[in-house]
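**Q** what follows is a predicted protein model with its sequence.
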Amino acid sequence: MRTRVGLSLAVLTTVLLAGCTVAGEAAPQPSPAAPESSPAPSMPASPTPTAESRVEPVRLFDGECDRMLAPATLDAFLGDGWQDYDQWLTTQYAGSPDRVDPAPEGTLGGMECRWKAPEDSASGLFDLRVLALPADAVPADFAEKFATAACDWQYDALICRLLRVEDGVAILAATLASESEADTHDDALSQAIDAVAASARRGVAAAAPVTRSDRWWDGPACEAIGERIADLTEGTFVAGYWEGVESPEAGFFRTAGVSQECPWFSESETLPAGEPHRIFSVTTYPGGHWMWADLVEGASPVDVSGAVDAATFSEREDEAGSIYVTDGVNVLHVNGADLGFNVDVAERVLDVANS
């Protein structure tokens, strides 16, 4: 699983505004190979579906970024001095927590990797992010949207994406860019996809998603959660992002049923005196329990009614932070508010999800 440093995209875009460019996500997955041998190299065959129930995925490239793009390949493409992106972040923002990020793409058998390019990279990229998924997991409208390079605003940064399907693997390459650079990265993103596809052809473990079961959460809908948490304020919680919009990837994962983010914030006009203004989110990961041990490494246990397990990274009751909660199959993440509030929200979401 990839790691992350607890920094918002809004913070990172200050780097871009200083004249840099960033790169996005993509990664491939194998497709069925022909039953007869062929002289031309082909992607490894996907496993034949069986009645076996899988609670952990088999991920493309065995879940290893070095198998997606080998160091020598990155040397040639990005140049000497590239870094794992999260390692680079720790050098830029000292004291930022180093934690594992949820990976809903993994539930589908995919994986994501990201690297920081050196400043003088011949690729012209600030960083490279690659998301690889089984092609049959990617809806046609999503693939068509990024079949040619397209850039979308998120907060105050521009993210440029390109997606191509290679032998049954959907590979999305993306980069954060300043507005003046929006049309300059098409070739680099295409070359990144070529390199990832070549890595897959040289050999990669077949991918298989977690088996969906009747214990997977179907939602719950953000509207239902909003109604259930309304009593936690004497004012009003507004549904939606305080800043920014849902990313295309988040929308895809929501449609695929492996992740759903529901953001809220306190309405200033109705906020009572003495009640803190809150900006928080509730994210569910159906079938995501396979991530549990990595997600809560270093966290402290916390009591949440109705949960099989729960953990928090908050060190004080009044500290804004997050908690992870699981029922043994699904994972819930409440982020952005104080511990007591997060627990109250989590208990209400579990009530809705299990009703």
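**A** Perfect, I can see it now.
**Q** next one: phi and psi at Glu246?
**A** phi -60, psi 130 (degrees, to the nearest 10).
**Q** renumber starting at 11 from here on
**A** All right, first residue 11 from here; so that's Glu256.
**Q** count of neighbours near it?
**A** 13 (other Cβ atoms under 10 Å). Backbone N, C-alpha and C define where each C-beta goes, glycine included.
**Q** try Glu327
**A** 9.
**Q** check contacts around it.
**A** Counting by Cβ atoms under 8 Å, 6 or more residues apart in numbering, Glu327 touches Asp348, Leu349, Gly350.
**Q** show the buried residues in these.
**A** Buried subset of the contacts of Glu327 (neighbour count, 16 or more other Cβ atoms under 10 Å): Asp348, Leu349.
**Q** take the contacts of Glu327 and lay them out in a markdown table including secondary structure and pLDDT.
**A** Formatted as a markdown table, these follow (DSSP: H, G, I helix; E, B strand; the rest coil; pLDDT from 0 to 100):
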| residue | secondary structure | pLDDT |
| --- | --- | --- |
| Asp348 | coil | 95 |
| Leu349 | helix | 95 |
| Gly350 | helix | 95 |
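**Q** of all the contacts of Glu327, which comes closest to Asp108?
**A** Using Cβ to Cβ, the shortest approach to Asp108 within those belongs to Leu349, at 20.6 Å.
**Q** now do the buried residues in stretch 321-335.
**A** Buried residues in stretch 321-335, counted by 16+ other Cβ under 10 Å: Ala321, Thr322, Phe323, Ser324, Ala330, Gly331, Ser332, Ile333, Tyr334, Val335.
**Q** now do that stretch: distance from first to last residue.
**A** One end of stretch 321-335 sits 7 Å from the other (Cα to Cα, to the nearest Å).
**Q** rewinding a little: show me the two of the buried residues of stretch 321-335 that sit farthest apart.
**A** Ala330 and Val335 (17.4 Å).
**Q** under the pLDDT cut-off, which ranges of the stretch 111-260 of the chain? List them.
**A** Applying pLDDT under 70 to the stretch 111-260 of the chain picks out residues 214-215.
**Q** and the strands in it, which stretches?
**A** 121-126, 137-144, 160-164, 167-176, 179-187, 247-249 (DSSP state E, counting those that start in this stretch).
**Q** could you dump these to CSV with mean neighbour count and distance to Leu70?
**A** Formatted as CSV, the strands of the stretch 111-260 of the chain follow (neighbours: other Cβ atoms under 10 Å; distance: least, Cβ to Cβ, whole Å):
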stretch, mean neighbour count, distance to Leu70
strand 121-126, 25, 5
strand 137-144, 28, 5
strand 160-164, 16, 24
strand 167-176, 23, 12
strand 179-187, 29, 7
strand 247-249, 16, 35
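**Q** Leu305: which of those strands is closest?
**A** Of the strands of the stretch 111-260 of the chain, nearest to Leu305 by Cβ to Cβ is strand 121-126, at 15.3 Å.
**Q** now that closest one against strand 179-187, angle please.
**A** 30 degrees (axes from the mean of the first three to the mean of the last three Cα atoms, to 10 degrees).
**Q** partners of strand 121-126 in the sheet?
**A** strand 93-94 (antiparallel), strand 137-144 (antiparallel) (DSSP bridges).
**Q** against Glu259, how distant is the residue nearest the centre of the chain?
**A** In the chain, the centroid-proximal residue (Cα atoms, centre = their mean) is Ala113; its distance is 5.2 Å. As judged by Cβ to Cβ, to the nearest Å, Ala113 and Glu259 stand 12 Å apart.
**Q** what do you get for Glu279?
**A** As judged by Cβ to Cβ, Glu279 and Glu259 stand 33 Å apart.
**Q** so which of those two has more stuff around it?
**A** Ranked by neighbour count (other Cβ under 10 Å), Glu279 and Glu259 place Glu259 first, with 20 against 8.
**Q** quick one: residues contacting Val314.
**A** For Val314, counting by Cβ under 8 Å, 6+ apart, the contacting residues are Ala320, Ile333, Val335, Val353, Ala356, Glu357, Leu360.
**Q** by neighbour count, which of these wins?
**A** Using other Cβ under 10 Å as the neighbour criterion, Val335 leads the contacts of Val314 with 27 neighbours.
**Q** that's all I had, so thanks and see you.
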